[in-house]
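> everything below, folded, please.
(one chain, ligands or ions: 2)
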Amino acid sequence: MDLRQYFILMLCFAGVLPKSINISNRDESEKQPFLEIGSKYYLINTATTMNWFNAALYCRNYDMDLAVIESAAEMNALNSYLTTNEGLVSLYFWLGVSDLAEEGKFMSLKDGRPMLYAKWSGGQPDNAGQNEDCVHLWPVNNIFYMNDNNCMSYFHIICELRQSKKTCDVCDLKIFMERCMQHTNVPNCRN
Ligand SMILES: [Ca+2]
Ligand SMILES: [Ca+2]
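Residues are numbered from 1 along each chain as shown. Ligands and ions are numbered 1, 2, ... in the order given. You can find the predicted model right below:
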């Protein structure tokens with residue numbers, strides 16, 4: 001048995017393996033009901049409403065980002081979910097896009113780049129009252145579109161899981177488990 005095998009064996013016997021699964025510091029978020037919708041994982045909060053700034057902080061608290069819809073495929077998948085699950089189709093949801101920095105230039109909060117995709121509601125964005133800088137989803141005839149609204153309005157929240165970090169975590173865990181599973185005589189690893 002080489003040093004690496006010995007180390008893995010000791011981890012298994014010491015019961016460290018379950019802790020290693022949570023090494024992403026996402027203990028709290030992992031208890032949340034992530035939803036796999038299309039190509040992303042979302043957290044849809046319908047229990048509370050808050051302004052756009054607090055919505056962004058809410059998502060960060062779970063190591064997530066306020067959702068940014070980046071393609072028609074993502075929009076369609078999310079729209080399909082929101083319109084086919086009871087109680088969601090009448091709600092407004094904040095997205096992680098605003099033109100706070102420069103009027104009319106809508107930027108993604110999660111990466112600081114211009115929004116890649118938009119599905120504006122008719123006549124939007126209109127910056128009504130010269131005071132609408134934050135983007136949200138709202139339903140029009142049971143189809144969700146985007147609208148700019150006052151950032152201090154209270155809406156529900158859609159957070160999305162950070163994809164690169166998720167992939168990394170999965171890879172790290174997969175490699176660890178594969179190595180652990182090579183030791184067929186270690187019950188803690190086999191179960
Ligand atoms: Ca604006
Ligand atoms: Ca508007």
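> got a list of what L88 touches?
L88 is in contact with 44, 46, 81-82, counting by C-beta atoms under 8 Å, 6 or more residues apart in numbering. Every C-beta, even on glycine, is put in place using the N, C-alpha and C of the backbone.
> near ligand 2, which of the residues you listed show up?
By C-beta under 5 Å from the ion, no member of these lies near ligand 2.
> buried set for stretch 149-168?
The neighbour-count check on stretch 149-168 (16 or more other C-beta atoms under 10 Å) flags 149, 151, 155-162, 166 as buried.
> strands - which of those residues land there?
With DSSP state E as the criterion, strands contain 149, 155-161 from among the buried residues of stretch 149-168.
> pick the one among the contacts of L88 closest to ligand 1.
Each of the contacts of L88 was scored against ligand 1 by C-beta to the ion, and L82 proved nearest at 24.2 Å.
> so M107 sits against S98, correct?
Yes. Contact status for M107 versus S98: in contact at 6.6 Å, counting by C-beta atoms under 8 Å.
> looking at those two, which is more packed in?
S98 (23 against 19; other C-beta atoms under 10 Å).
> got a list of what the more buried one touches?
S98 neighbours (C-beta under 8 Å, 6+ apart): 52, 106-107, 109, 133-135, 151.
> distance of it relative to S39?
24 Å (C-beta to C-beta, to the nearest Å).
> again with N61
Distance from N61 to S39, by C-beta to C-beta: 24 Å.
> Y58 now?
The value you get for Y58 to S39, if C-beta to C-beta is used, is 23 Å.
> and F155, what are its bridge partners?
M50 (DSSP bridges).
> OK, contacts around it?
Counting by C-beta under 8 Å, 6+ apart, F155 has contacts 49-50, 52, 55, 91-94, 136, 149.
> quick check: phi and psi on V97?
phi -140, psi 140 (degrees, to the nearest 10).
> tell me the bridge partners for it.
Beta bridges link V97 to S108 when assigned by DSSP bridges.
> interface residues of this protein facing ligand 1?
99, 127, 133.
> need the residues you listed in JSON lines with neighbour count, secondary structure and distance to ligand 2, can you?
As requested, the residues of the chain next to ligand 1 are exported to JSON lines (neighbours: other C-beta atoms under 10 Å; DSSP: H, G, I helix; E, B strand; the rest coil; distance: C-beta to the ion, whole Å):
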{"residue": "D99", "neighbour count": "18", "secondary structure": "coil", "distance to ligand 2": "11"}
{"residue": "N127", "neighbour count": "14", "secondary structure": "coil", "distance to ligand 2": "7"}
{"residue": "D133", "neighbour count": "21", "secondary structure": "coil", "distance to ligand 2": "10"}
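> export those as CSV, with columns for distance to L66 and pLDDT.
Output for the residues of the chain next to ligand 1, formatted as CSV (distance: C-beta to C-beta, whole Å; pLDDT from 0 to 100):
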residue, distance to L66, pLDDT
D99, 15, 98
N127, 20, 98
D133, 14, 98
